[in-house]
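Peer 1: Give me coordinates for this.
(one chain, ligands or ions: 2)
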Amino acid sequence: MTLLQIDGLSVRFRLRDAVVQAVTDLTLSVRPGELLAVVGESGCGKSVLAHALFGLLPRNAEVTGRALMGEVDVLRCGEKRLAREIRGRRLGLVPQSPATALTPVRTGRSLLAETLRAHRRDPGLADTVAADAGLDAHALDRYPFELSGGMAQRLVTALALASDPPLLIADEPTTGLDRPLVDHTLDLLRRRCDNGGAVLLITHDLAAAERVADTVAVMYASRIVEHRPAPDVFAAPAHPYTAALLDALPDRAFTPIPGHPPMLTALPPGCAFAARCPRADTACASRPGGPVACHHPLVSEAVA
Ligand SMILES: Nc1ncnc2c1ncn2[C@@H]1O[C@H](COP(=O)(O)OP(=O)(O)OP(=O)(O)O)[C@@H](O)[C@H]1O
Ligand code: NI
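Peer 2: Ligands and ions are numbered 1, 2, ... in the order given. Model (predicted):
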């Protein structure tokens with residue numbers, strides 16, 4: 001059984017003189033109990049994926065593919081059905097930018113109580129839900145502009161938890177938090193999965209993914225290049241890009257990846273990482289498929 005089955009999802013933004021290919025042919029599923037981490041450098045398409053699933057893309061976006069939650073294709077079901085059946089009820093979102101997600105004239109308590117009520121939960125649970133997200137009750141009586149970045153982050157996490165959705169997308173939920181609060185948030189997400197929920201965690205923070213994820217999908221230049229169980233990815237990365245990302249960590253080799261990702265307006269036809277890859281050769285001019293999208297993976301059995 002899957003809670004979410006995404007097949008061949010692509011998102012492009014049509015600009016006046018170019019097309020931004022933000023997500024390309026992405027296939028993923030999330031099972032109950034699973035914590036799936038989507039990792040990759042800034043600009044690779046992680047938030048666009050979240051926004052596509054939540055129906056938050058701007059008008060110039062073109063979406064193809066399917067994303068089924070049960071019988072409902074959340075990419076096609078329309079705003080009314082998203083609002084009535086999906087958002088908050090079956091799918092929650094911790095947005096990446098709390099500042100733009102919070103209504104400036106409402107206190108956290110009022111926002112939380114309203115969300116709890118809308119989902120037929122006791123509005124008196126506001127303090128408890130906030131505490132779960134690591135936010136002190138006294139912060140709930142402040143307006144968003146009176147909150148620090150980290151407090152606002154915890155408030156949007158609490159708001160997403162308030163409706164208690166079976167699947168939660170958390171887009172960089174630990175931004176601006178100190179290490180103990182990072183761990184608190186990660187452990188909270190892990191517990192949701194251990195209790196039968198599911199989480200799609202979008203993060204730059206590979207150590208965060210290693211701490212809590214069951215499975216990892218590595219994105220590069222709009223595509224998933226490696227999708228495997230988390231322990232395998234961290235112990236023996238198969239795609240050279242994944243290996244390079246891990247080598248860039250301070251507690252590993254601390255070696256930056258040379259060069260830059262390609263522009264999403266001018267993606268090459270073959271492997272998009274080839275220009276930065278030490279293993280690239282002429283074969284890489286064509287695009288490889290499979291759970292490890294590489295002609296020369298570091299772990300060959302992963303390709304089977
Ligand atoms: N409305 C839009 N119009 C044009 N391009 C867009 C639009 N929204 C996003 N993009 C582009 O899509 C690409 C993917 O953006 P996205 O926000 O998904 O990156 P990300 O992986 O979440 O990065 P970060 O880790 O910095 O949050 C970027 O190149 C971005 O500039
Ligand atoms: Ni993002």
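Peer 1: CA atoms of stretch 67-85 as CSV?
Peer 2: Provided in CSV are the C-alpha atoms of stretch 67-85 (Å, rounded to 0.1, in the frame of the first residue of the first chain):
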residue,chain,number,x,y,z
ALA,A,67,0.5,12.0,-8.1
LEU,A,68,-2.1,9.6,-6.7
MET,A,69,-3.3,9.7,-3.1
GLY,A,70,-5.7,6.8,-3.1
GLU,A,71,-8.0,7.5,-6.1
VAL,A,72,-7.3,11.2,-6.2
ASP,A,73,-4.7,12.6,-8.6
VAL,A,74,-3.6,15.7,-6.6
LEU,A,75,-2.1,17.3,-9.7
ARG,A,76,-5.4,17.2,-11.6
CYS,A,77,-8.3,17.2,-9.0
GLY,A,78,-8.8,20.9,-8.9
GLU,A,79,-8.6,23.6,-6.2
LYS,A,80,-12.0,22.8,-4.6
ARG,A,81,-11.2,19.2,-4.0
LEU,A,82,-7.7,20.0,-2.8
ALA,A,83,-9.1,22.4,-0.3
ARG,A,84,-11.9,20.1,0.8
GLU,A,85,-10.3,16.7,0.9
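Peer 1: can you tell me the average pLDDT over that stretch?
Peer 2: Averaging pLDDT along stretch 67-85 yields 97.
Peer 1: same deal with stretch 233-247?
Peer 2: Confidence over stretch 233-247, taken as the mean pLDDT, stands at 97.
Peer 1: Show me how far it is from its chain's centre.
Peer 2: Relative to the chain's own centre, stretch 233-247 is displaced by 19 Å; criterion: C-alpha atoms, centre = their mean, to the nearest Å.
Peer 1: do stretch 128-139 as well
Peer 2: Counting by C-alpha atoms, centre = their mean, stretch 128-139 comes out at 23 Å from the chain centroid.
Peer 1: Also stretch 101-116?
Peer 2: Between the centre of stretch 101-116 and the centre of its chain there are 24 Å (C-alpha atoms, centre = their mean).
Peer 1: Only alpha carbons, please: show the helix or strand containing residue 201 as PDB.
Peer 2: Using DSSP states H and E, the element containing residue 201 is strand 198-203. C-alpha atoms of strand 198-203 as PDB (Å, rounded to 0.1, in the frame of the first residue of the first chain):
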ATOM      1  CA  ALA A 198       4.500   9.200   6.800                       C
ATOM      2  CA  VAL A 199       6.800  12.100   6.100                       C
ATOM      3  CA  LEU A 200       8.500  13.400   3.000                       C
ATOM      4  CA  LEU A 201      11.300  15.400   4.400                       C
ATOM      5  CA  ILE A 202      13.000  18.000   2.100                       C
ATOM      6  CA  THR A 203      16.400  19.000   3.400                       C
END
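Peer 1: Cool, thanks, talk later.
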